[in-house]
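Engineer: the sequence isn't on hand, but the structure is:
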């Protein structure tokens with residue numbers, strides 16, 4: 001008879017492999033929050049998770065972020081801080097039966113010993129709707145404190161009923177400074193790192209150039225950095241590459257081979273970063289799609305953060321194209337959304353599409369110039385008074401003071417336009433936005449000129465077009481009914497999950 005498979009989550013193992021058998025990244029996991037690197041917005045001194053566990057409170061949550069940002073380590077540390085049993089489950093390897101077994105164990109543990117259970121569910125987005133629904137009643141009644149982890153956008157991959165019962169916390173890629181801290185700690189730690197018995201004889205010395213390239217290639221992934229470091233040390237040790245003090249000294253080419261990636265003449269933290277980004281932006285502005293594509297490829301191949309690239313595209317779409325082609329901004333924002341949804345390498349297509357669109361679009365910087373002209377007046381004159389007729393008369397008694405009196409709604413007039421002062425008295429004749437004749441901005445220029453002419457030559461005439469009778473509060477009842485229906489659906493889902 002084959003042995004019965006034990007189902008349910010796996011608690012923290014009582015017996016770990018000996019340290020010398022563990023990868024460097026596993027040995028260097030933080031042992032407490034003081035050793036945890038990064039995510040200061042969550043677990044820093046004033047971070048919400050830090051303050052919550054200081055009160056002994058830990059509610060169900062979901063950790064969403066890129067690989068190597070500390071999701072598993074953070075979940076383990078949070079459980080330890082509140083004195084809870086830590087059980088792990090992989091959504092890739094587990095099913096409904098495993099969930100039920102885990103819940104039963106957690107219920108017994110709570111009833112017999114008063115010990116809470118933190119269930120860490122890795123890759124939670126791999127669970128289907130039925131599996132996710134199976135967690136609902138137990139998360140809601142506190143049988144388990146669920147900590148989910150995902151690299152995918154949970155608002156698309158996790159069902160709404162479960163999301164409504166947990167808090168989503170976004171983990172950001174580690175900064176180069178964070179990764180450097182992790183690498184230095186591994187190099188200097190005599191107990192778990194490379195400076196003691198677990199490292200090569202004599203220790204390890206990593207020069208400035210290979211150190212900086214290792215950090216740059218990691219791309220904010222601490223686990224990747226430690227894996228590459230361990231591989232580079234093994235290569236250097238095998239070839240007896242040592243410094244004058246007898247320490248193993250991995251070279252730049254050792255880091256390159258360990259990373260399985262050729263190191264380009266580009267440093268994300270140095271002049272190469274800014275020079276290449278500058279060339280990319282100026283190629284977009286200069287209407288050269290071929291050059292823009294080249295610099296785009298150079299940045300991606302060198303490990304540049306793709307979010308940095310797409311931010312430059314969005315800025316260029318507004319700063320350099322502007323209203324000459326308003327669609328440029330839509331294309332750039334769509335590329336950013338595509339990057340968020342599918343990531344690299346597939347997002348290469350969206351980045352290339354946005355790059356070529358912006359580089360070939362008609363150009364105008366007049367919107368940005370207009371803004372800075374207005375900023376100049378605000379800085380020089382301060383915040384000037386709002387004309388009385390534009391002010392909000394929240395109470396009808398305010399009209400006795402002239403507030404809101406005399407305002408004319410443009411929708412009531414022909415062409416939805418009427419002569420009226422909108423600027424403060426001190427700058428009422430200023431004109432900030434002066435469109436060019438490029439692309440769609442030429443249409444805007446003609447429209448503005450026609451309106452200006454009509455305002456000076458014609459008396460304002462009320463619009464003769466029929467308009468529907470509309471009550472602005474008519475939708476209030478619909479919104480209340482929608483909320484009631486939403487609550488009813490949530491209760492139904494809860495009952496179905498319990499059954």
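Structural biologist: That came through fine. As the structure is a prediction and not an experimental result, all values here were calculated from the model.

Engineer: what's near enough to touch residue 19?
Structural biologist: By Cβ atoms under 8 Å, 6 or more residues apart in numbering, residue 19 lies in contact with 27, 192, 198. The way it works is simple: take the backbone N, C-alpha and C, and place the C-beta from them, glycine included.

Engineer: and if you look at residue 364?
Structural biologist: Residue 364 sits next to 321, 322, 323, 324, 435, 436, 438, 439, 441 when contact means Cβ under 8 Å, 6+ apart.

Engineer: what is the neighbour count of the residue lying closest to it once chain neighbours are set aside?
Structural biologist: Counting by Cβ to Cβ, 6 or more residues apart in numbering, residue 364 lies nearest to residue 324, which is 3.9 Å off, once chain neighbours are set aside. When counting by other Cβ atoms under 10 Å, one arrives at 23 neighbours for residue 324.

Engineer: sorry, back to before: which of the contacts of residue 364 are buried?
Structural biologist: Buried subset of the contacts of residue 364 (neighbour count, 16 or more other Cβ atoms under 10 Å): 321, 322, 323, 324, 435, 436, 438, 439, 441.

Engineer: and those, which two are the farthest apart?
Structural biologist: Taking Cβ to Cβ as the measure, those span a maximum distance of 13.1 Å, between 321 and 435.

Engineer: ok, residue 224 touching residue 69?
Structural biologist: No: in this structure, residue 224 is not within contact of residue 69 by Cβ atoms under 8 Å, at 10.9 Å.

Engineer: the two - which one has more neighbours?
Structural biologist: Each of residue 224 and residue 69 has its neighbours counted (other Cβ under 10 Å); residue 69 has more, 26 against 18.

Engineer: three-state assignment of that one?
Structural biologist: Using DSSP: H, G, I helix; E, B strand; the rest coil as the criterion, the local structure at residue 69 reads coil.

Engineer: where does it land on pLDDT?
Structural biologist: pLDDT, residue 69: 87.

Engineer: again, but for the one 5 residues further on
Structural biologist: Among the per-residue scores, residue 74 shows a pLDDT of 94.

Engineer: distance of it relative to residue 29?
Structural biologist: Separation of residue 74 from residue 29 (Cβ to Cβ, to the nearest Å): 10 Å.

Engineer: and for residue 478?
Structural biologist: 52 Å.

Engineer: which of residue 74 and residue 29 has more neighbours?
Structural biologist: Using other Cβ under 10 Å, the more surrounded residue of residue 74 and residue 29 is residue 74, with 25 against 16.

Engineer: outline the domain layout of the chain.
Structural biologist: Domains of the chain are assigned by automatic domain parsing as 10-170, 176-259, 271-360, 366-457.

Engineer: just how off-centre is stretch 479-489 within its chain?
Structural biologist: 31 Å (Cα atoms, centre = their mean, to the nearest Å).

Engineer: I meant to write stretch 250-261 there.
Structural biologist: Centroid separation for stretch 250-261 versus its chain: 30 Å, with Cα atoms, centre = their mean.

Engineer: buried ones in that stretch?
Structural biologist: By 16+ other Cβ under 10 Å, the buried positions in stretch 250-261 come out as 250, 251, 252, 254, 255, 256, 257, 258, 259.

Engineer: among the residues you listed, name the ones in strands.
Structural biologist: Using DSSP state E, no member of these falls in strands.

Engineer: adding pLDDT, write the residues you listed out as TSV.
Structural biologist: Output for the buried residues of stretch 250-261, formatted as TSV (pLDDT from 0 to 100):
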residue	pLDDT
250	92
251	91
252	88
254	90
255	90
256	85
257	88
258	88
259	85
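
Engineer: let me have those in CSV, extended by distance to residue 457.
Structural biologist: As requested, those are arranged in CSV below (distance: Cβ to Cβ, whole Å):
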residue, distance to residue 457
250, 79
251, 79
252, 74
254, 78
255, 73
256, 73
257, 77
258, 76
259, 71
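
Engineer: count of residues packed around residue 462?
Structural biologist: 9.

Engineer: repeat for residue 210
Structural biologist: By other Cβ under 10 Å, 22 other residues sit near residue 210.

Engineer: any idea which element it lies in?
Structural biologist: Assigned by DSSP states H and E, residue 210 belongs to helix 208-218.

Engineer: chain center to that helix: distance?
Structural biologist: 24 Å.
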